[in-house]
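Enquirer: this is a predicted model, with the sequence first.
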Amino acid sequence: MKAIRKLDQMISALDGKKKKRLVVVNAIDAHTIIAVHQAVEKGIVEGVLVGQSKLIRQVCKSEKINPDVFTLVEAANEKEAATRSLELINSGEGDLIMKRSEERRVGKECRSRWSPYH
């Protein structure tokens with residue numbers, strides 16, 4: 001299956017399927033948080049944001065998003081966020097993984113877990 005790169009692709013792929021837990025690596029930017037929030041609001045995913053909780057909460061506040069709609073997992077830096085995200089997927093605490101475009105080094109490790117049919 002091809003990697004999902006946009007929210008509308010994820011919505012199409014998951015439409016009518018059981019809600020999935022989406023783990024987001026280093027989710028500290030507005031664009032990523034807004035996209036995940038939209039998916040949460042549509043009821044297709046539960047959002048698990050991995051990164052610096054303080055920064056995530058600040059972005060949520062500035063975008064008028066309630067951070068309590070997400071599960072926040074603390075990670076001090078990008079490397080720790082990537083490691084923790086993979087641990088969540090491998091332990092079954094997450095179904096899908098999403099990385100910001102800047103997190104390229106995580107891509108190869110996550111590719112097999114990216115399928116919405118997993």
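Expert: The structure has been received and is ready for your questions.

Enquirer: shaky segments in this structure?
Expert: Residue ranges of the chain with pLDDT under 70: 1-2, 4, 7, 100-118.

Enquirer: which residue is nearest the middle of it?
Expert: The C-alpha lying nearest the average C-alpha coordinate of the chain belongs to Val24 (C-alpha atoms, centre = their mean; 2.3 Å).

Enquirer: how many neighbours does Val69 have?
Expert: For Val69, the number of neighbouring residues by other C-beta atoms under 10 Å comes to 13. The C-beta positions use only the backbone N, C-alpha and C, and glycine is treated the same way.

Enquirer: that one touches Val40, doesn't it?
Expert: Yes - Val69 is in contact with Val40 according to C-beta atoms under 8 Å; the separation is 5.4 Å.

Enquirer: next up, phi/psi of the nearest residue to Ala75 once chain neighbours are set aside, please.
Expert: Nearest non-adjacent residue to Ala75, counting by C-beta to C-beta, 6 or more residues apart in numbering: Ala81, 3.8 Å away. The phi/psi pair for Ala81 (degrees, to the nearest 10) reads phi -60, psi -40.

Enquirer: quick one: residues contacting Ala81.
Expert: With contact taken as C-beta atoms under 8 Å, 6 or more residues apart in numbering, Ala81 is in contact with Val25, Asn26, Ala27, Val50, Gly51, Ala75, Glu103.

Enquirer: how close does Lys54 get to Glu41?
Expert: Distance check for Lys54 against Glu41: by C-beta to C-beta, to the nearest Å, it reads 24 Å.

Enquirer: what is the neighbour count of Ser53?
Expert: Neighbourhood size, Ser53 [other C-beta under 10 Å]: 15.

Enquirer: no no, Ile28
Expert: A count of neighbours around Ile28, defined by other C-beta under 10 Å, yields 22.

Enquirer: my guess is it contacts Val50, does it?
Expert: No - counting by C-beta under 8 Å, Ile28 stays clear of Val50, with 9.6 Å between them.

Enquirer: what touches both of Val69 and Val40?
Expert: If you check Val69 and Val40 against C-beta under 8 Å, 6+ apart, the residues they both contact are Gly47.
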